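> I would like the atomic coordinates for the input below:
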Amino acid sequence: MLLTSAAIGAPPEEPADKVYDLAGIINLALTQNPYTHKTWQAAVAAAAESGQARAPYYPKLAFRMKVGADQDYSLAAIGQSYYTRRQSAPGLFLEYLLVDFGRRRADVQRTLFALDAANLSYDRQLQRTIFAVQRSYFAHSAAVVEEESARVNRDFARTLLESIQAKMSAGLATQPEKLLAERTLAQAEYDVESAHQSVQTTLGELRTAAGVAANAPLRVKPLSMDAPDSFAALQDKLDSMVDAALVNRPDLAGKVADLRAREAATKRAKADFFPEIRIKGAYDYDAFAFHARDAAKNTSGNFGGNQNQFEALLSVDWDLFDGFERVEKVKQRLADEEAARAELEIQRLDTILDVWSSYYTVLTSRRRIQFAQAALNSAQENFDASKAFFNNGLATITELVSAQNALATARSERIRATADYLTGTASLTLAIGKPVTTASKGSSSSKYPAAAPSVPPSH
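The predicted structure follows:
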């Protein structure tokens, strides 16, 4: 069966006019994203492994049966001797491990901690999936707004060129002014195409983050990316956020679970130095039939019979020397344990760094929005004044184009600062492992979505 691009990563059946907002895309990603599905299946496999580790606590019962025939033939000086035998021997065999000096317990502990680590990895992947959607969504929204701004600049450049051409016809403009207007229009056309490419690229990244193909027919409703009049202040201080991250981060807790699993593996390796004590029982029924001839006695005939065999044993298995294999295995497990302890410390330091970086990114981006908005307001006023002066013949086209470029740059900076602020808030949520606690300082801040919805619990 051939899979087409429409069949791979297509969104679920929805009305043709459905448009996804941020919450809708996140819900889609939590069900469609293959990375989330992969980590969930890893958790399922870890649960199955934990069930396997409990199996030695139960007795083993087996049925075995031998059915067949054999023949023996010999040639002696006094004549030929041979026999043909048919045999059927079904049997039941029972075995139960009484004492293993902690082997089973260590195996169960190891798999249970591994299961905890797999579940925590799944929880963390959910958070990463949500953040990936948020980051792509904010980038796409910024790209859409920048494309709209680029189109406005192109329309202005086109109008300016038409104005210069009209003035040239009346002898009020020069050829250099026309060339500058044409160059301005060409640059504006280039900016529109670049902005359109960014829109399509970020849309593909957003669809991929949602778990569907980049060319899937998924329509998105972007944010307006307007600068807020006020912000939701971070209620918690940096140190308290670090403490919250050390408690809430699933990947950090997963490293702890992995360390506990390796400690259990060390206990299991040490238990191999002790014997295993088992109870064994068996019942065997053997039915047979012979056809034989004895040349020495000049006799032949058919013989048959059956027998019941019972067995009950207490067995002790103890490897006294194995070429130091168990010693080296304990060394390996101890080294793995120390490596896991180092990985835990690395993850702790990385967690603190993530919170530190994201915290100051949010604070800095908030101030950048305020500065960028002030610069945008100033650039808008300067452009409006330059446009009025140009229309009245009091400013040159060079001054007007310069003011327009400054306005476009200021608008782009403010859009990017807003996107950075939203992405930084989402990144801080990911760094802490739970939604950021904020205290609202203005109604306008409600236009922004929450940093992240609560992560669904692991199954």
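> Now for residue 72, how many residues are close by?
Residues near residue 72, counting by other CB atoms under 10 Å, number 10. Glycine gets a C-beta too; all of them are placed from N, C-alpha and C.
> doesn't residue 290 make contact with it?
No: in this structure, residue 72 is not within contact of residue 290 by CB atoms under 8 Å, at 10.3 Å.
> Residue 380 and residue 161, how far apart?
From residue 380 across to residue 161, the span is 22 Å (CB to CB, to the nearest Å).
> cool, residue 424 as well?
Residue 424 is 40 Å from residue 161, by CB to CB.
> what touches both of residue 72 and residue 290?
Counting by CB atoms under 8 Å, 6 or more residues apart in numbering, the contacts common to residue 72 and residue 290 are residue 83.
> and stretch 39-48, which residues are buried?
For stretch 39-48, the neighbour count (16 or more other CB atoms under 10 Å) marks 39, 40, 42, 43, 46, 47 as buried.
> Include secondary structure and pLDDT when you put those into CSV, please.
Supplementary listing: the buried residues of stretch 39-48 in CSV, determined by DSSP: H, G, I helix; E, B strand; the rest coil; pLDDT from 0 to 100:
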residue, secondary structure, pLDDT
39, helix, 92
40, helix, 91
42, helix, 93
43, helix, 93
46, helix, 93
47, helix, 93
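> Which single one of the residues you listed is nearest to residue 387?
Closest to residue 387 out of the buried residues of stretch 39-48 is residue 39 (56.0 Å), distances taken as CB to CB.
> My guess is the closest one contacts residue 121. True?
Yes: in this structure residue 39 lies within contact range of residue 121 using CB under 8 Å: 5.4 Å.
> burial count for residue 25?
Neighbours of residue 25 under the rule other CB under 10 Å: 27.
> host element of it?
According to DSSP states H and E, residue 25 maps onto helix 22-32.
> Remind me what that helix packs against, helices and strands.
In terms of contacts (3 or more CB pairs under 8 Å, 6 or more residues apart in numbering; DSSP states H and E), helix 22-32 is packed against helix 103-169, helix 175-209.
> what's the angle from it to helix 175-209?
50 degrees (axes from the mean of the first three to the mean of the last three CA atoms, to 10 degrees).
> Give me the buried positions along helix 22-32.
By 16+ other CB under 10 Å, the buried positions in helix 22-32 come out as 22, 24, 25, 26, 28, 29, 30, 32.
> what's the helix or strand for residue 214?
Residue 214 belongs to no helix or strand, assigned by DSSP H and E.
> so where's the protein uncertain?
1-17, 73-80, 82, 227-236, 294-298, 436-459 (pLDDT under 70).
> domain parsing for it?
Listed by automatic domain parsing, the domain ranges of the chain are 22-58+101-274+324-447, 60-99+276-317.
> gap between the two ends of the shortest one?
Taking CA to CA, to the nearest Å, the first and last residues of domain 60-99+276-317 lie 17 Å apart.
> Next up, phi/psi of residue 433, please.
When read as degrees, to the nearest 10, the backbone of residue 433 gives phi 90, psi 10.
> Please apply the same query to residue 213.
The phi/psi pair for residue 213 (degrees, to the nearest 10) reads phi -70, psi 150.
> quick revisit: with neighbour numbers in mind, choose between residue 380 and residue 161.
The residue with more neighbours, out of residue 380 and residue 161, is residue 161; 21 against 15, by other CB under 10 Å.
> That one contacts residue 181, correct?
Yes: the pair residue 161 / residue 181 is scored as a contact, 4.2 Å apart, by CB under 8 Å.
> and residue 313, that's in a strand?
Yes: when DSSP: H, G, I helix; E, B strand; the rest coil is applied, residue 313 is found to be in a strand.
> Now it. Nearest residue, chain neighbours left out?
residue 280 (4.5 Å; CB to CB, 6 or more residues apart in numbering).
> on that earlier part again, to residue 301, which of the helices and strands packed on helix 22-32 lies closest?
Between the helices and strands packed on helix 22-32, helix 103-169 lies closest to residue 301; by CB to CB that is 55.0 Å.
> now the end-to-end length of stretch 289-299.
Using CA to CA, one end of stretch 289-299 lies 17 Å from the other.
> Which positions within stretch 163-176 qualify as buried?
Within stretch 163-176, judged by 16+ other CB under 10 Å, the buried ones are 163, 164, 167, 173.
> is it possible to export those residues to a markdown table including distance to residue 286?
Compiled in a markdown table, the buried residues of stretch 163-176 are given as follows (distance: CB to CB, whole Å):
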| residue | distance to residue 286 |
| --- | --- |
| 163 | 111 |
| 164 | 111 |
| 167 | 116 |
| 173 | 116 |
